[in-house]
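Chemist: need a structure here:
(4 chains)
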Number of protein chains: 2
Amino acid sequence: MAEKKSDRTRAAILTAARERFGADGYERATIRAIAADAAIDPAMVMRYFGSKEKLFAAAAEIDVRLPDFGDVPREQVGEAMARHLIQRWEADDTLKVLLRTAVTNEVAAERMREVFAGQLMPLLRKLSVDQPAVRAGLVSSQALGFALCRYILEFPPIVGLQADDAVAWLGPTITRYLTAPLPNQA
Amino acid sequence: MAEKKSDRTRAAILTAARERFGADGYERATIRAIAADAAIDPAMVMRYFGSKEKLFAAAAEIDVRLPDFGDVPREQVGEAMARHLIQRWEADDTLKVLLRTAVTNEVAAERMREVFAGQLMPLLRKLSVDQPAVRAGLVSSQALGFALCRYILEFPPIVGLQADDAVAWLGPTITRYLTAPLPNQA
DNA sequence: GGTAAAAGTCAACAACCGTTGGCATATGCT
DNA sequence: AGCATATGCCAACGGTTGTTGACTTTTACC
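Modeler: All right, here's what the predicted structure looks like:
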């Protein structure tokens, strides 16, 4: 019996939590509402996760799962990265949860910075570009800005963009951030 | 007596509100805290602005004040726009208020879309580019993403960027979004 | 100076929140 | 079967929030 009863409710709580956190943000997503979605008692959420903060931490556990793009030609890394990120954003709600919350919650913002420093920067190092920190920051700024406009603020022209067109627009931008010479010396 | 007493307290409330909304977001910024900052009674905030929602609407009144860039050569519009936006973001807290709130508050998100449709798109129309909607959306995605990383999430490499370097990085991206041919036909 | 209106103060309300402890029920093991 | 334990429900607590109404003080005008 690999799947205990408690595992299923635990998973149900997590699913409901991700939906609520993703739709409403940290403050407006109430434990009571999450529990109602999962069809259990609010007290159960506390028993399983200890506190709202810890529940959020569990719901925002995230792995961007960036491939290492080792076999992609240098000039197409931007496109590949853009395509991967769009797929990743649309696969589940986790990234939406994190972005929605990071804007008003310092813990979530720190988590976001960890993802940045722990997953994107190492990749750029492997691609052996110079100044990986600044370049990773610029790539993030475009990737997060696009996600913000498309999935959170829902600007109509960006929402309406086909995934392929989005990749065609964002790819060269990212590639330039990865390869262009620095604007000036230090 | 051009300056009545009530005008001063009204202004004090607005200033405190912008600070709190900008720092904490809509939900966590309490009327009591705003009133305390303005050194008045919470009930006064209600008398002056009616409700928390209306207070926010007043605090988020915004004009991006984009010049029309009529005399700027086509290839430098991106730089000029980037420079203007950075200055605008650092001039006061209004944009921070709006972005922090728009992520979790539908009213604020709609306001953001209004700024986009009412101030940025008309400018692109004047510059007579084709497909102004998509291009304006892309410019927004980069501009907002950069602001997000620099002023809200505070990614260290982006925070550390000199304004001039930021302009040098963002300018060409924006210019490309304004001038590059569309990736494909409709 | 007296008076009506504006500006400000105070206390309280109703609602909602996260969280807790006690109690019932179901489960799984021997 | 019998019992220990895990799982679940219920009611309530303490605290915070937006908001309101009555009351007092200051201001501005004749």
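Chemist: how near is residue A:133 to residue B:86?
Modeler: According to CB to CB, to the nearest Å, residue A:133 and residue B:86 sit 20 Å apart. Bear in mind the C-beta positions are built from the backbone N, C-alpha and C, glycine included.
Chemist: repeat for residue A:157
Modeler: For residue A:157, the distance to residue B:86 - CB to CB - is 23 Å.
Chemist: Flag every residue of chain A that's near DNA strand D.
Modeler: Residues of chain A lying near DNA strand D by CB under 7 Å from any atom of the strand: A:4-6, A:9, A:40-44, A:47.
Chemist: ok, so of those residues, who is nearest residue A:78?
Modeler: Relative to residue A:78, the closest of the residues of chain A next to DNA strand D is residue A:9; by CB to CB it sits at 43.0 Å.
Chemist: For chain A, which residue occupies the most central location?
Modeler: residue A:95 (3.0 Å; CA atoms, centre = their mean).
Chemist: what's the helix or strand for that one?
Modeler: Assigned by DSSP states H and E, residue A:95 belongs to helix A:94-102.
Chemist: Any regions of chain A where pLDDT drops low?
Modeler: For chain A, the stretches flagged by pLDDT under 70 are A:1-5, A:184-186.
Chemist: How is it divided into domains?
Modeler: Recorded structural domains for chain A (assignment: automatic domain parsing) are A:5-59, A:74-179.
Chemist: So which of these is the most surrounded?
Modeler: Across the domains of chain A, averaging neighbours per residue (mean count of other CB atoms under 10 Å in any protein chain shown) puts domain A:74-179 on top, at a mean of 19.
Chemist: quick one: is it near DNA strand C?
Modeler: No - using CB under 7 Å from any atom of the strand, domain A:74-179 stays clear of DNA strand C, with a minimum separation of 12.6 Å.
Chemist: same deal with stretch A:29-41?
Modeler: Yes - against DNA strand C, stretch A:29-41 shows contacts by CB under 7 Å from any atom of the strand at A:29-33.
Chemist: Which of these fall in helices?
Modeler: A:31-33 (DSSP state H).
Chemist: just the helices in chain A please.
Modeler: Under DSSP H, chain A gives helices at A:5-28, A:31-37, A:42-49, A:52-59, A:77-91, A:94-102, A:106-115, A:121-126, A:132-147, A:156-159, A:163-179.
Chemist: Can you give the contact residues for the fourth one?
Modeler: Residues from elsewhere that reach helix A:52-59, judged by CB atoms under 8 Å, 6 or more residues apart in numbering or on different chains: A:13-14, A:17-18, A:21, A:26, A:31, A:34, A:45, A:49, A:94, A:97, A:101, A:105, A:107-108, A:111.
Chemist: Return that helix as PDB; C-alpha atoms alone will do.
Modeler: These are the backbone C-alpha positions of helix A:52-59, laid out as PDB (Å, rounded to 0.1, in the frame of the first residue of the first chain):
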ATOM      1  CA  LYS A  52       0.100  29.200   6.600                       C
ATOM      2  CA  GLU A  53       3.700  30.300   5.900                       C
ATOM      3  CA  LYS A  54       4.900  26.700   5.800                       C
ATOM      4  CA  LEU A  55       2.000  25.700   3.600                       C
ATOM      5  CA  PHE A  56       3.100  28.400   1.200                       C
ATOM      6  CA  ALA A  57       6.700  27.300   1.300                       C
ATOM      7  CA  ALA A  58       5.600  23.800   0.400                       C
ATOM      8  CA  ALA A  59       3.300  25.100  -2.400                       C
END
